[in-house]
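J.: Structure for this input, please:
(2 chains)
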Amino acid sequence: MDIAPRAAGATGAPSLLAYDRDHINELLNALAQLDEQAGQPTPKRRLNAGIVGIEIAPERLVATARFLRDSLGFEMLTSISGVDMIEHLEAAYHFRSISQNWLVQVRVKTSSDDPQIPSLVGLYTSANWLERETYDLFGIRFIGHPDLRRMLLDDEFEGHPLRKNFVTTPTVVHDRATTQVDAIRAVSGEQQRRQERVVLKRLGQGQQERIHPGMTTFGSEAVFLETGQGVGTDANAMHGYTIDEQYLEDPVMKPQEG
Amino acid sequence: MATNTPTDTAGFYQDASGLRSEEMILNMGPQHPSTSGVLRLVLTLDGETVIQCTPVIGYLHRGMEKIFENRPYIHGARYIDNADYLNPMINETAYVGAIEAIMGIEPPRRAQYIRLLVSELARIASHLVAIGTYGLDLGAFTPILWCFRDREGIMDLFESLSGHRFTHNYMRPGGVVHDFPRGWLQQCETWLDRFESVSIPELHELLTGNEIFDARTQGVGYIDPQQALAHGITGPNLRASGVNFDLRVARPYGAYREIAVRPQVRQEGDCFARYSVRMQEMAESVRLCRVAMDKMPGGSISQRVPLALRPPRGEAYYAVETGRGELGIYMISDGSEYPWRAKIRSPSFLNLQVLPELMRGNKIGDVIAILGSIDIDLGDVDR
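T.: Take a look at the predicted model:
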């Protein structure tokens, strides 16, 4: 998926005071030096609120950041946002210059299978936790980071939850105080049937189908399990949503391992 | 600060007089009254001196960004209240602002002024909690009672405005959801008058000139301006280090383009400066509220925006100034009813990162003083 740039002069763009057109043109001119360094034009575009967005290859990230910091006076690395674009992963860096009042967004593409981006810890101290967080949630490995561990999640956590193919339904369902139904027995249907159904769906698997509460998607992505007395393990089940009877007659699919 | 030199391999230190000390690891939190939430600090101590401090976060991680991706846009505007739960109104402004930036729409002027008014009230409420709990951390019990008493007035105002005390669900893409109820502005005016004439002087009397408070905060926890910028610190913490940066001034959004803010800057960079900036900002917020109420334009409070919101393909980074610093929402829309990505750039997460450097070499008694002065919000750190 690619994000189409907004058409120039989009409807009702807000008027800006502290950073006018000339101010942004100045930044665009300054960024033209990047083209010379790379030997090829760097895609640039204007975003909302006077932000300039550029796209570069991962190999040039450190050189670009050093140029931004030392030559243009971008003192602050404000945020790093990972983005999963299905075909590839991206990291969007936001650099802020307080002296010049500029904000630049740098997008770096990397592959989904083996995502690697050079680390910026040597240039910006704030990159330390920002990169750890991005590694934690997206699995992007920042080469050269001194301490690349999980930031928000457990060290034992498996997977990277903000990837689009992450399965939000746990594959191992632990006993719950309300149900006391063992996962294996629930799947095999040994429990008393049809008292209540637990709907297990693989949320996040295949965002194209847009599985979400209130809308059912029947297909390989959705796995419905019939169990015994279950109180919802899913938002749908908690809201009293039940699935069509015909799907209950189908052989129950076992959840995939891992 | 390990001034002693190790004399054997077992981690013992020995000074000139032959006294031996041992490194000790002290676990603080995640359930600790002064970590203002579920923050865990692992402190390595040499006697009473902190050698190393390792913050462990994530106890309040709810996966908000993932939840946004699986809900319609409008649901996120409510849920983001829980990110920085001490100023939910400003969070909502940031979230709907990002949607509006992608859609290329702008709320009516009245809605922008209402947003400014409630944002400044929320900032006061947030600073009141910061100052009240900071006093509590340093052993002064009265300020928190008085601060929460005053904050209750703001909660009442928000409740009558939005219907909810705490998680307001008040902002919508294209405007706000309710206009002021009858008599609300007078009620707000009364509260502001009392707050400005009674509460702020009271707080100053309690804390600012207090000898113990001064001794605990002045010269403690110094943040260098360069250090602050490199760590991405924003908000009152940055302005207390002498950097004049306030998003409401530097990159004004909404009604801040028409109402000028006087940024409050201190040069000292210590805990007392951070406290002082918050006190000054409360007075400034009172002034801004008054200006907004005086200039409050008429007209509608919301644009007509479709209920099933489908912003066009595009991306936006929309940053606002909360009570803690820069809250940025980086949102990507793929043209459907669900955000493709909604990243929260939270101020507390980046402000917290400087903590190990501030702690190193300080006495253990200053740990609380430094932590409280940074004013983190664990909901904001973990998201």
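
J.: A:Phe142: what's it in contact with?
T.: A:Gln116, A:Ile117, A:Pro118, A:Ser119, A:Leu120, A:Val121, A:Glu131, A:Thr134, A:Tyr135, A:Leu148 (C-beta atoms under 8 Å, 6 or more residues apart in numbering or on different chains). Every C-beta, even on glycine, is put in place using the N, C-alpha and C of the backbone.

J.: Kindly recompute the last result at 7 Å.
T.: A:Phe142 makes contact with A:Ile117, A:Ser119, A:Glu131, A:Tyr135, A:Leu148 under the criterion C-beta atoms under 7 Å, 6 or more residues apart in numbering or on different chains.

J.: Which secondary structure state does it sit in?
T.: The three-state label given to A:Phe142 by DSSP: H, G, I helix; E, B strand; the rest coil is strand.

J.: Please list the residues of the stretch 151-300 of chain B that sit near chain A.
T.: Neighbours of chain A within the stretch 151-300 of chain B, by C-beta under 7 Å from any C-beta of the partner chain: B:Leu229, B:Ala230, B:His231, B:Gly232, B:Val243, B:Phe245, B:Ala250, B:Arg251, B:Pro252, B:Arg257.

J.: Identify, from the contacts of A:Phe142, the entry nearest to chain B.
T.: Using C-beta to the nearest C-beta, A:Glu131 comes nearest to chain B of the contacts of A:Phe142, at 11.5 Å.

J.: From the contact counts, what lies against the strand or helix carrying that closest one?
T.: Using DSSP states H and E, the element containing A:Glu131 is helix A:127-138. If you count contacts as 3 or more C-beta pairs under 7 Å, 6 or more residues apart in numbering or on different chains; DSSP states H and E, helix A:127-138 packs onto strand A:76-84, strand A:141-143.

J.: so how many other residues sit close to residue 113?
T.: I'll assume chain A. Using other C-beta atoms under 10 Å in any protein chain shown, A:Asp113 is surrounded by 7 other residues.

J.: Chain B was what I was after
T.: There are 22 residues near B:Tyr113, going by other C-beta under 10 Å.

J.: That one and A:Lys164, how far apart?
T.: Using C-beta to C-beta, to the nearest Å, B:Tyr113 is found at 40 Å from A:Lys164.

J.: repeat for A:Arg45
T.: Distance from A:Arg45 to A:Lys164, by C-beta to C-beta: 24 Å.

J.: who has more neighbours, the two?
T.: A direct count of neighbours by other C-beta under 10 Å for A:Arg45 and A:Lys164 places A:Lys164 higher, at 19 against 14.

J.: on that earlier part again, export the helices and strands packed on helix A:127-138 to TSV and tack on mean pLDDT?
T.: Converted to TSV, those look like this (pLDDT from 0 to 100):
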stretch	mean pLDDT
strand A:76-84	92
strand A:141-143	91
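
J.: low-scoring stretches of chain B, by residue?
T.: B:1-16, B:18-21 (pLDDT under 70).

J.: Check it for the residue nearest chain A and tell me.
T.: Counting by C-beta to the nearest C-beta, chain B gets nearest to chain A through B:Gly232 (3.4 Å).

J.: Would it be right to say that that residue lies in a helix?
T.: No: checked against three-state DSSP, B:Gly232 lies outside a helix; its state is coil.

J.: In contact with it, which residues are there?
T.: A:Met76, A:Leu77, A:Thr78, A:Ser126, B:Leu350.

J.: same deal with B:Leu136?
T.: B:Leu136 touches B:Ile144, counting by C-beta under 7 Å, 6+ apart.

J.: Any idea which residue of the stretch 101-250 of chain A lies closest to chain B?
T.: Closest point on the stretch 101-250 of chain A to chain B, by C-beta to the nearest C-beta, is A:Ser126, at 3.4 Å.

J.: Look up the closest residue to that residue, ignoring the ones flanking it.
T.: B:Gly232 (3.4 Å; C-beta to C-beta, 6 or more residues apart in numbering or on different chains).

J.: how much space between the one you found and B:Gln226?
T.: 12 Å.

J.: so where's the longest helix in chain B?
T.: helix B:109-137 (DSSP state H).

J.: for that one, which positions count as buried?
T.: Going by neighbour count (16 or more other C-beta atoms under 10 Å in any protein chain shown), the buried part of helix B:109-137 is B:109-137.

J.: swap in stretch A:93-110?
T.: A:93-98, A:100-110.

J.: Check those one by one and keep those near chain B.
T.: A:His94, A:Ile98, A:Asn101, A:Gln105.

J.: quick one: the third one from B:Leu238, how far?
T.: By that I understand A:Asn101. For A:Asn101 relative to B:Leu238 (C-beta to C-beta), the value is 15 Å.

J.: Would you map the strands across chain A?
T.: A:44-46, A:52-56, A:76-84, A:88-97, A:102-111, A:116-118, A:141-143 (DSSP state E).

J.: The last one pairs with which strands, and in what direction?
T.: Each strand that strand A:141-143 pairs with, and the sense of that pairing, follows from DSSP bridges: strand A:116-118 (parallel).

J.: Ok, the fourth one next?
T.: For strand A:88-97, the pairing partners within the sheet under DSSP bridges are strand A:76-84 (antiparallel), strand A:102-111 (antiparallel).

J.: of all the ones you listed, which lies closest to B:Leu39?
T.: strand A:76-84 (20.9 Å; C-beta to C-beta).

J.: so what secondary structure elements neighbour the helix or strand containing B:Glu284?
T.: Of the helices and strands defined by DSSP H and E, B:Glu284 is found in helix B:271-294. Counting by 3+ C-beta pairs under 7 Å, 6+ apart, the packing neighbours recorded for helix B:271-294 are helix B:109-137, helix B:184-194, helix B:200-203, helix B:211-217, helix B:236-239, helix B:365-374.

J.: Give me the distance from the third one to the chain's centre.
T.: Which is helix B:200-203. 21 Å (C-alpha atoms, centre = their mean, to the nearest Å).

J.: again, but for the first one
T.: In this view, helix B:109-137 has its centroid 9 Å away from the chain centroid, taken as C-alpha atoms, centre = their mean.

J.: Need the phi and psi values for the residue nearest to A:Ser126.
T.: Main-chain torsions, B:Gly232, degrees, to the nearest 10: phi 70, psi 30.

J.: Mind checking the helices and strands packed on helix A:127-138 for the one nearest to B:Asn169?
T.: strand A:76-84 (25.3 Å).

J.: mind exporting the closest one as PDB, just the C-alpha atoms?
T.: The C-alpha trace of strand A:76-84 is given here as PDB (Å, rounded to 0.1, in the frame of the first residue of the first chain):
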ATOM      1  CA  MET A  76      15.700  17.200  18.600                       C
ATOM      2  CA  LEU A  77      14.600  13.800  17.400                       C
ATOM      3  CA  THR A  78      11.000  14.000  18.400                       C
ATOM      4  CA  SER A  79       9.600  10.700  17.500                       C
ATOM      5  CA  ILE A  80      10.100   7.400  15.600                       C
ATOM      6  CA  SER A  81       7.000   5.800  14.400                       C
ATOM      7  CA  GLY A  82       7.100   2.300  12.800                       C
ATOM      8  CA  VAL A  83       4.500   1.700  10.100                       C
ATOM      9  CA  ASP A  84       3.600  -1.700   8.600                       C
END
